[in-house]
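**Student:** Sequence and predicted model, in that order:
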Amino acid sequence: MKNLLLFASLLAASLTANAATFQGSTSGTFENAAGPGGMVTTGQGTSQFTWGEGATKYFLGFIPVGQHDPSKLTYNGTNFNTDVNQTFVAGYLNFYNGIIKSGTQADSVDLSLTLNFTSPSAFSETFNYGFSLDNVVNPTGDTTTFLSSVPTKFYSYAGTDYYFELLGFGIYDKKGNLTLFDELFLKEGKDKTVKLIGQFTSMPSEVPLPAAVWLFGSGLMGFMAMRRRAKAQQA
């Protein structure tokens, strides 16, 4: 009976061996800005993207004294060490809502997010995510909206496919509970930094099970057959 339990435990261990811990770091650049013909941008291909021509500043409401700063998105990467099916911080996004001239805005931009893995092996994968930039000509405020994504397969090992998904902006409370949202609203002249939340998931791939599974399985069946044969001889 003890041997039977041993075989069963080894079989279970082989089936769960595919569960992975991913370690590494993130980096990112902004790409593919889109907007009207008069769009003004800087920083495409870098981690800091600005858009719009700053509106004129006035002293006492009528004396021009310079220009406001343009709107800006800044991405800062971070390290990660996470298991499959756990959420984690995939970087930080700072949004500064500048006061800009109408017609010089950008309407959207992509974040090219690179995950630089050190475990389970050393490799890099890049994923692209879109952001909608809402620029309203009034002092109420503007928004940066994360456009929803789908899980993307990036790694396969021992009969399991692994996927990465960027879930959106997130806030963790003191108990570790996560609240996700996809829209960041700010009044003009204000800025805020939010976490970008990612998650790895997995599912079996359409390939044969690892050889170890068949080995343990056949060993278990052989052991059970031997036990039945021994009982038959004793009878």
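**Tutor:** Ah, there it is. The structure presented is a predicted model; accordingly, all values stated were derived computationally and were not measured.
**Student:** and the end-to-end length of stretch 100-113?
**Tutor:** 27 Å (C-alpha to C-alpha, to the nearest Å).
**Student:** What are the neighbouring residues in contact with the residue lying closest to P120 once chain neighbours are set aside?
**Tutor:** Among residues not flanking P120 along the chain, A20 sits closest, at 5.6 Å (C-beta to C-beta, 6 or more residues apart in numbering). Glycine gets a C-beta too; all of them are placed from N, C-alpha and C. Going by C-beta atoms under 8 Å, 6 or more residues apart in numbering, A20 touches D83, V84, P120, Y157, T160, Y162, F200, S202.
**Student:** Also L111?
**Tutor:** G28, T29, F30, E31, Y75, L93, N128, Y129, G130, F131.
**Student:** Can I have the buried ones of these as a ChimeraX selection?
**Tutor:** For the buried members of those, the matching ChimeraX selection, counting by 16 or more other C-beta atoms under 10 Å, is:
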select :28,29,30,75,93,129,131
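**Student:** phi, psi of the residue lying closest to G189 once chain neighbours are set aside?
**Tutor:** In space, and not counting its chain neighbours, G189 is closest to I99: 6.3 Å by C-beta to C-beta, 6+ apart. Dihedral angles of I99 (phi, psi; degrees, to the nearest 10) stand at phi -100, psi 110.
**Student:** Next, count neighbours for I99.
**Tutor:** 18 (other C-beta atoms under 10 Å).
**Student:** now P204
**Tutor:** Neighbours around P204, by other C-beta under 10 Å: 10.
**Student:** Contacts only, for it.
**Tutor:** P204 sits next to G159, T160, D161 when contact means C-beta under 8 Å, 6+ apart.
**Student:** which residues sit in contact with the second one?
**Tutor:** So the one you mean is T160. Contacts of T160 (C-beta under 8 Å, 6+ apart): N18, A20, S202, M203, P204, S205.
**Student:** and the fifth one, bridged to which residues?
**Tutor:** For P204, the residues forming beta bridges with it (DSSP bridges) are T160.
**Student:** Which residue comes closest to G141 once chain neighbours are left out?
**Tutor:** K187 (4.4 Å).
**Student:** That neighbour and F88, how far apart?
**Tutor:** Applying C-beta to C-beta, to the nearest Å, the value for K187 to F88 is 30 Å.
**Student:** Who has more neighbours out of these two?
**Tutor:** F88 (19 against 10).
**Student:** Skipping adjacent residues, who's closest to the more buried one in space?
**Tutor:** The nearest residue in space to F88 (C-beta to C-beta, 6+ apart) is T82, at 4.0 Å.
**Student:** so the one you found touches F22, yeah?
**Tutor:** Yes. Look at T82 against F22 with C-beta atoms under 8 Å: they come within range, at 5.9 Å.
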